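In: Sequence and predicted structure below; questions after.
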Amino acid sequence: QLQLVESGGGLVQPGGSLRLSCQASGFLFSSQDMTWVRRAPGKGLEWVATITFDRKNTYYTDSVKGRFTISRDNLRRQLFLQMNNLTPEDTAIYYCAPGDDNDYRFFNDWGQGTQVTVSS
């Protein structure tokens, strides 16, 4: 059974950093592109970043380029999101999902997510 467990969120001041983790199980992690998405208060899901299965390519939404870095450890079945220079606009619940920037729209087995709050 597919399972995704996100962690690493918290309360941080503007300009601060956080590193999110996603522990995956129940599917062939090493053969799947992986994606981070987020849901800000009162808004829908927003694609944040994708990394290909082989780690060769990464993709980011414009608002996080240069600040966020997606990475993965296929041996440990883990996905990461290093977030630097955070702003209040990054406040959201963050989720990981298998697939690319379009696949997540059809994904249903969401984990609990991890809350990121950027506030002074």
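Out: On my side now, so go ahead.
In: where along this protein do the helices fall?
Out: Shown for the chain, no helices are assigned by DSSP state H.
In: ranges for the strands of it?
Out: 3-7, 10-12, 18-25, 34-39, 45-51, 58-60, 68-73, 78-83, 92-98, 114-118 (DSSP state E).
In: isn't Pro98 right up against Ser31?
Out: No. With contact defined as CB atoms under 8 Å, Pro98 does not reach Ser31; the gap is 9.5 Å. (Each C-beta comes from the backbone N, C-alpha and C, glycine too.)
In: So between these two, which is more surrounded?
Out: For Pro98 versus Ser31, neighbours defined as other CB atoms under 10 Å are more numerous around Pro98 (21 against 10).
In: Any figure for the gap between the nearest residue to the more buried one once chain neighbours are set aside and Tyr59?
Out: Excluding the flanking residues, the one nearest Pro98 by CB to CB, 6 or more residues apart in numbering is Gln32, at 4.3 Å. Per CB to CB, to the nearest Å, Gln32 is found 15 Å from Tyr59.
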